[in-house]
Each structure stands twice: as C-alpha cells, then as structure tokens.
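need a 3D model of the following:
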Amino acid sequence: MPPRVFSTGLQAGLLMNIFGWLGNQLWLGREWDAAVAGSAFAASRQRTLWNEVGSLAPDFVYGIALAWLCWICAKALGESRGVSYGAAGMLWFVAIATPLLGTANASLVPWRVTALTLLLALGIMLPVTELVWRRVARPLRVKSDPTAA
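Model prediction:
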C-alpha cells in the first residue's frame with residue numbers, strides 16, 4: 001500500500017470520528033443515552049480513557065480499509081467515482097450495517113437507534129468517500145490520462 005493511500009485512510013478515519021462523534025452527541029445523544037441506560041451492561045460500563053480511545057480505533061480501521069479498497073478497485077475496475085462509491089457501499093454494508101443490525105436483532109440496541117445510526121454512518125461515508133476518491137483513485141486517472149483533470 002502506497003503511503004498516500006495509508007495517510008488518506010488515516011484522514012478518512014479522523015473525519016469519520018469527528019462526524020460520528022458530532023452526530024452521536026448532537027443528533028442521537030438522547031437516543032443513545034436512553035439505549036445504554038436501559039441495557040444490561042450499563043451498570044458495568046465505566047467511562048475511561050481506554051474506553052474512549054477504543055471507541056475511536058474502528059473508524060481509523062474503516063478509513064484505512066476504505067482508502068485501500070478504493071485504491072485496489074480503481075486499479076482493477078477504473079478510477080470513476082462510481083467505483084469508489086461502490087467500494088464504500090460494500091464496506092458500509094459489511095463492516096457497519098451488518099454488525100449494527102446484529103446488535104438490534106439480538107435486542108442489544110433498539111431498532112430506532114440502529115436505523116438512525118445507520119443513516120448517520122451512511123451520511124458520513126458520502127463526503128469521506130469523495131475525499132478518498134480525490135486523493136487515491138482520481139490521481140490514477142490523471143497519471144494514466146494527462147488530458148483528464
């Protein structure tokens with residue numbers, strides 16, 4: 001993986017964390033507070049620095065995975081936006097939607113909170129994917145076709 005792909009993945013992860021925190025605090029804060037308060041693990045959950053750091057790590061992994069996936073798909077299928085957004089949709093479905101739907105199905109998180117969180121995550125993926133496409137896939141097009149800008 002080229003350094004540009006890795007660094008773009010870290011930037012994407014940072015944006016996911018910022019937008020995710022804002023969305024989960026400002027838009028879904030009350031919903032999540034009620035969901036956690038009513039859960040079986042609420043009494044055992046302690047807010048520590050390690051818990052907070054651990055909650056940030058997945059978005060960095062998703063960001064790196066998104067950049068890598070868009071880079072690989074652009075090399076194999078073409079550098080179009082559609083290819084990158086298709087890769088992002090695949091990542092969203094496998095890494096975000098499936099686990100969240102599993103927690104809702106197991107009655108660990110209410111369906112309403114799950115649906116709103118899925119919408120938030122999808123909304124975050126759109127601008128992040130645009131960044132990744134511009135930094136990772138589009139340069140491949142420019143490099144292979146000097147007339148494309």
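
burial measure for residue 79, as a count.
Applying other C-beta atoms under 10 Å, we find 23 residues neighbouring residue 79. Every C-beta, even on glycine, is put in place using the N, C-alpha and C of the backbone.

which SS class is it?
When classified by DSSP: H, G, I helix; E, B strand; the rest coil, residue 79 comes out as coil.

that one reaches residue 136, doesn't it?
No - Residue 79 is beyond contact range of residue 136, at 9.2 Å (criterion: C-beta atoms under 8 Å).

backbone dihedrals for residue 2, please?
With angles defined as degrees, to the nearest 10, residue 2 sits at phi -60, psi 150.

excluding its backbone neighbours, what's nearest it?
Excluding the flanking residues, the one nearest residue 2 by C-beta to C-beta, 6 or more residues apart in numbering is residue 71, at 7.6 Å.

close enough to count as contact, the one you found and residue 138?
No - checked against C-beta under 8 Å, the pair residue 71 and residue 138 is beyond contact range at 11.0 Å.

out of these two, which sits in the busier spot?
Neighbours were counted for residue 71 and for residue 138 using other C-beta under 10 Å; residue 71 has more, 26 against 20.

which SSE is the more buried one in?
helix 49-77 (DSSP states H and E).

which neighbouring elements make contact with that helix?
helix 3-22, helix 81-91, helix 111-132, helix 138-144 (3 or more C-beta pairs under 8 Å, 6 or more residues apart in numbering; DSSP states H and E).
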